[in-house]
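Trainee: coordinates only, sequence not included:
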């Protein structure tokens, strides 16, 4: 009986230690400036790992990490998810808890998939099948600026420079600010929308009560519009961002400028669009066609 009590007490002690460690980790992520989405995933994986290991933090080992990641792989998680799990544990264990047990653990590289891109006709059809006013304007904003959907819902009217046709994205991915260029055609329409709004809001796009739109709402709007026009590929707000970059590249725009507009830290991230642009690939002439046969 005493032995069972010891087990219960030990389990309770481990639970308290886990909760305290996760709470301290949350505070460090908050202070470091991680986005809410990244914080959420890092905390989830840190908590799952501690529960999986089920031991005192001081005696955690490299094998505990390997066991956790191996179980995830056996459950058929993607390499991208495995990479995120690895990154979260590396931050949690090495930087936060100062346990050097992750560094030399190797995981498969993420699959490099080409982004899904719409044609200009498909983008136009989506706009035409989206309700006039706010819904159409927010989709046009994402496509015409290359903004992420999270940046679109957080855009404030005060950050728009109407005279110069630009806007400032504040606290984008990596907590970086950047300038985006606005469509002149879009500016005229969005001014009419703002003037008609009954409830004024600091947000450029808002609900009837003035609160900002959710990313889920925008995802639903574009998904329904794409289905109505018969587009079979999966269409999300991020596909509009991919399409923005690809269409600029196809029109001859400099890739360095596209990098700045998208807010990419590295040019290599933007360079993926050179592989997507079918129009640019069509300009390449096969060496066989230059050969006299």
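Mentor: Happy to help now that I have it. What you see is a predicted model, and the numbers here were worked out from it, not measured in a lab. Numbering: from 1, shown residues only.
Trainee: make it CA atoms for all contacts and neighbour counts henceforth
Mentor: OK.
Trainee: quick one, helices of the stretch 51-200 of the chain?
Mentor: For the stretch 51-200 of the chain, applying DSSP state H, counting those that start in this stretch gives helices covering 62-74, 79-89, 120-128, 134-145, 149-154, 184-196.
Trainee: Return the mean pLDDT over stretch 238-246, rounded to an integer.
Mentor: What stretch 238-246 shows for mean pLDDT is 92.
Trainee: Excluding covalently adjacent residues, which one is nearest to residue 171?
Mentor: residue 177 (5.4 Å; Cα to Cα, 6 or more residues apart in numbering).
Trainee: related to what we said a few turns ago, make CSV out of the helices of the stretch 51-200 of the chain and add distance to residue 53 and mean pLDDT.
Mentor: Output for the helices of the stretch 51-200 of the chain, formatted as CSV (distance: least, Cα to Cα, whole Å; pLDDT from 0 to 100):
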stretch, distance to residue 53, mean pLDDT
helix 62-74, 6, 94
helix 79-89, 13, 92
helix 120-128, 48, 94
helix 134-145, 43, 95
helix 149-154, 35, 93
helix 184-196, 53, 92
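Trainee: and the one helix or strand residue 43 maps to with helix 79-89, angle?
Mentor: Applying DSSP states H and E as the criterion places residue 43 in helix 36-53. Counting by axes from the mean of the first three to the mean of the last three Cα atoms, to 10 degrees, helix 36-53 lies at 80 degrees to helix 79-89.
Trainee: mind checking how far helix 36-53 is from the chain centre?
Mentor: 18 Å (Cα atoms, centre = their mean, to the nearest Å).
Trainee: Helix, strand or coil: sort out residue 249 for me.
Mentor: helix (DSSP: H, G, I helix; E, B strand; the rest coil).
Trainee: for it, what are its contacts?
Mentor: 255, 258, 273-274, 277 (Cα atoms under 8 Å, 6 or more residues apart in numbering).
Trainee: Now residue 165. Nearest residue, chain neighbours left out?
Mentor: Nearest to residue 165 is residue 182, by Cα to Cα, 6+ apart, at 5.2 Å.
Trainee: what does the model give that neighbour for pLDDT?
Mentor: Residue 182 is assigned a predicted lDDT (pLDDT) of 92.
Trainee: pretty sure residue 245 contacts residue 256?
Mentor: No. The criterion here is Cα atoms under 8 Å, and residue 245 misses it with residue 256 at 11.2 Å.
Trainee: measure the nearest residue to residue 53 once chain neighbours are set aside to residue 47 for me?
Mentor: Counting by Cα to Cα, 6+ apart, residue 64 is the residue found nearest to residue 53 once chain neighbours are left out, at 5.9 Å. With distances taken as Cα to Cα, to the nearest Å, residue 64 is found 13 Å from residue 47.
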